[in-house]
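In: Give me the fold of what follows.
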Amino acid sequence: MAFEIDARTSRRRLLAGLGGLGLMGVAGCAPGQMVRKPGLITNGLAPFDVVPPLAPFRMKPDRISKITVCLRPFRKAGPRLDVETVGDKTVVHNYGHGGSGWSLSWGSGTIATKNALAGGEKDIAVIGCGALGLTTATLLRRAGANVTIYASERTPYTRSARATGTWSPDSRIAAVGATAPGFEALWEEMCRTSYKAYQTYVGLSGAPVEWTDRYTPFDTPPGSGSGPDRATPPDANAVRFVNYADRVGDITPRSMVLEPGQHPFPTRYARRGSSMQFNVAEYAHLLTTDFLLAGGKIETMTFNTPADLAVLNQKVVVNCTGYGARALWKDESIIPVRGQIAWLIPQPEVNYGLYYKHVSVLPRRDGIVVQYVGETEAWGYNDDNETANRAEAEAAIAAIASLYGQVQLKGA
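Out: Next up is the predicted model:
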C-alpha cells in the first residue's frame, strides 16, 4: 500500500517530497512498474493515483542557457513591515522576506497597502520593481491610489527574476526565537491571502501560475530516520529557520510515498505531491502590463540614501527594495542567503518537478530550473557572492543525470 504523509511535515521535507522525476515511454517497464487499467485498483492505488507517463529531463551541460545567482534577503525577525518618518515622508517598509518573496507578496502587499493609505494620502510612491514592489503597487492601484514605481531596474533584471519560482511561503522567512509575539499568526494571514490571490491566476493564458506534481526518489524505508525522512542535520551557522507549514495544512496538498511497483523510478520508494509554481517571466510581465493599463507608472530612478527620497513629490513612500535595503537603509539585519540556478533550454513536454541528491529541478516555461539546495536551508547562508559557479551548476546536472542513467528512456 502507499503511505500518506501528514501535512504537518517540515517545510524542507515537504518541498523535497514535491520534487520529482518521471519517465515517458520507458523501453520496457522499470522493475515492478504498474500497468494502468481504467476502473481498477492498481498495485494498491486507485487509477487517479497512478503515476502517469512523464517526459524525461534532458540533463546535459550543453543545454545550459544561463546561470544566475540570487541573494535572498533573510531577516531573523522576519520581514520589516513597520512605518517610519524620514524628513517629510512617511515610509512604509515591506522587505526582508528571505526565500518567500513571491509566495507572500499578495499578503505582505496587502499589509503595506493598508499602512500606506492609513493617513488618507492617495498619491503613493513605491520603491523597487521586484516581487514585493510590483505586487504592492498593483494592490495600491486597485485600491484607487495614484501609484508610481521608482526603480533603477525593471523586473526582469531584479533579483526577484532569479528566484526558483515555487510556492514556498515560509522559506527562510524568520529564525526560531527571533520573531515578535504574534508573528506566526501574521505569517499565516499573509500566506492565506497570497494563496487565495494566486488561485485567480491559475488557468490563464501563458500559465503564469500553475500546479505541478513533484517527485522525490529514495531507497531507505519511510520513517527510518535516513534518506529524505531524516532529521535535519545541524548546520555550522547555528541558524534555525522557523517552520509554519502545519498552520496552513488545510490548503497544502498531502504528499504520498509510493512503494516498489507503484512508480517507475530506479529507487525503492518515491514521494509524490503537488505544489504551485510561478512562471516568473510570464507572471511578472502580466502584473506589469495590468499595472500600466490600470494607470500605474514606472520611472527609472536610483536611491543611494533615505535622504534621496526628498526629491519625490509623494508624501508616502513604500520601500520594497528587498536585498537592496541592506545598502539603502543600512539595514545590517538583512543576511544574504545565496542561491544559484542553472537554466536549461525549456522542454514544453515536461510538466513535473524532481528532487534528488539535494538538487531541485523545476520545469518553468522560460527554462528548466536546476538548483543545488544543500543538506539544510542554511546552504548559502551569509554568502553575498553573486558570481556564477559553473562547476556547481554542472555538478547539479550530473547528479540528476546519474538517476536517469539507471533506466533506459525513449528520447533521453
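In: where does the stretch 1-150 of the chain have low pLDDT?
Out: 1-44 (pLDDT under 70).
In: quick one, strands of it?
Out: Secondary structure of the stretch 1-150 of the chain by DSSP state E, counting those that start in this stretch: the strands cover 3-4, 64-75, 83-86, 89-93, 123-127, 146-151.
In: Please identify the most buried of those strands.
Out: strand 123-127 (a mean of 25; mean count of other Cβ atoms under 10 Å). For every residue, glycine as well, the C-beta is placed using N, CA and C.
In: Can I get the strands of the stretch 1-150 of the chain in a markdown table including distance to Arg58?
Out: Shown next, in a markdown table, are the strands of the stretch 1-150 of the chain (distance: least, Cβ to Cβ, whole Å):
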| stretch | distance to Arg58 |
| --- | --- |
| strand 3-4 | 31 |
| strand 64-75 | 11 |
| strand 83-86 | 50 |
| strand 89-93 | 43 |
| strand 123-127 | 40 |
| strand 146-151 | 36 |
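In: Can you check which of these gets nearest to Gly374?
Out: Using Cβ to Cβ as the measure, strand 64-75 is the one of the strands of the stretch 1-150 of the chain that comes nearest Gly374, at 12.9 Å.
In: Can you work out which other helices and strands pack against that closest one?
Out: Other helices and strands packing on strand 64-75, by 3 or more Cβ pairs under 8 Å, 6 or more residues apart in numbering; DSSP states H and E, are strand 334-344, helix 390-404.
In: which phi and psi does Tyr356 have?
Out: Note on Tyr356: its backbone torsions stand at phi -160, psi 130 [degrees, to the nearest 10].
In: do the same with Ser160
Out: The phi/psi pair for Ser160 (degrees, to the nearest 10) reads phi -60, psi -30.
In: Check the gap between the closest residue to it other than its chain neighbours and Leu354 for me.
Out: Leaving aside its sequence neighbours, Ser160 sits nearest to Gly130 (Cβ to Cβ, 6 or more residues apart in numbering; 3.5 Å). Distance of Gly130 to Leu354, given as Cβ to Cβ, to the nearest Å: 27 Å.
In: ditto for Pro53
Out: Pro53 sits 15 Å away from Leu354, going by Cβ to Cβ.
In: More neighbours: which of those two?
Out: More crowded of Pro53 and Leu354, by other Cβ atoms under 10 Å: Leu354, with 28 against 11.
In: confidence score at the more buried one?
Out: With respect to pLDDT, Leu354 scores 95.
In: Isn't it up against Val369?
Out: No: the criterion here is Cβ atoms under 8 Å, and Leu354 misses it with Val369 at 10.5 Å.
In: Quick check: neighbours shared by these two?
Out: Common neighbours of Leu354 and Val369 (criterion: Cβ atoms under 8 Å, 6 or more residues apart in numbering): 360-361.
In: need the contact list for the residue nearest to Ser160.
Out: So Gly130 contacts 101, 155, 158-161, 320, 322 (Cβ under 8 Å, 6+ apart).
In: quick one, phi psi at the residue nearest the centre of the chain?
Out: Geometric centre of the chain, nearest residue: Thr166, 3.3 Å, by Cα atoms, centre = their mean. Per-residue torsions, Thr166: phi -120, psi 150 (degrees, to the nearest 10).
In: so what's it closest to, chain neighbours aside?
Out: Gln277 (5.2 Å).
In: from memory that neighbour sits against Pro208, does it?
Out: No: Gln277 is beyond contact range of Pro208, at 10.1 Å (criterion: Cβ under 8 Å).
In: and the two? which has more neighbours close in?
Out: Using other Cβ under 10 Å as the criterion, Gln277 and Pro208 rank with Gln277 on top: 24 against 21.
In: and that one, how far is that from Tyr352?
Out: In this view, Gln277 and Tyr352 are 10 Å apart by Cβ to Cβ.
In: Name the next helix or strand following the helix or strand where the residue nearest to Thr166 lies along the chain.
Out: Element membership for Gln277 (DSSP states H and E) is strand 269-278. Next in sequence after strand 269-278, counting helices and strands by DSSP H and E, comes helix 280-293.
In: about what we covered before: I'd guessed the residue nearest to the centre of the chain sits against Ser274; true?
Out: No: Thr166 is beyond contact range of Ser274, at 11.5 Å (criterion: Cβ under 8 Å).
In: circling back: determine which two of the contacts of Gly130 are furthest apart.
Out: Put simply, by Cβ to Cβ the two of the contacts of Gly130 set farthest apart are Ala161 and Cys320, 14.5 Å from each other.
In: show me what contacts the nearest residue to Val370 once chain neighbours are set aside?
Out: Take Val370 and drop its neighbours on the chain: the residue closest to it by Cβ to Cβ, 6+ apart is Ala342, 4.4 Å away. Listed by Cβ under 8 Å, 6+ apart, the contact partners of Ala342 are 64, 67, 369-371, 393-394, 396-397.
In: Considering those residues, which possesses the most neighbours?
Out: The most neighbours of any of those, using other Cβ under 10 Å, belong to Val370, which has 26 neighbours.
In: How much space separates it from Lys60?
Out: Applying Cβ to Cβ, the value for Val370 to Lys60 is 11 Å.
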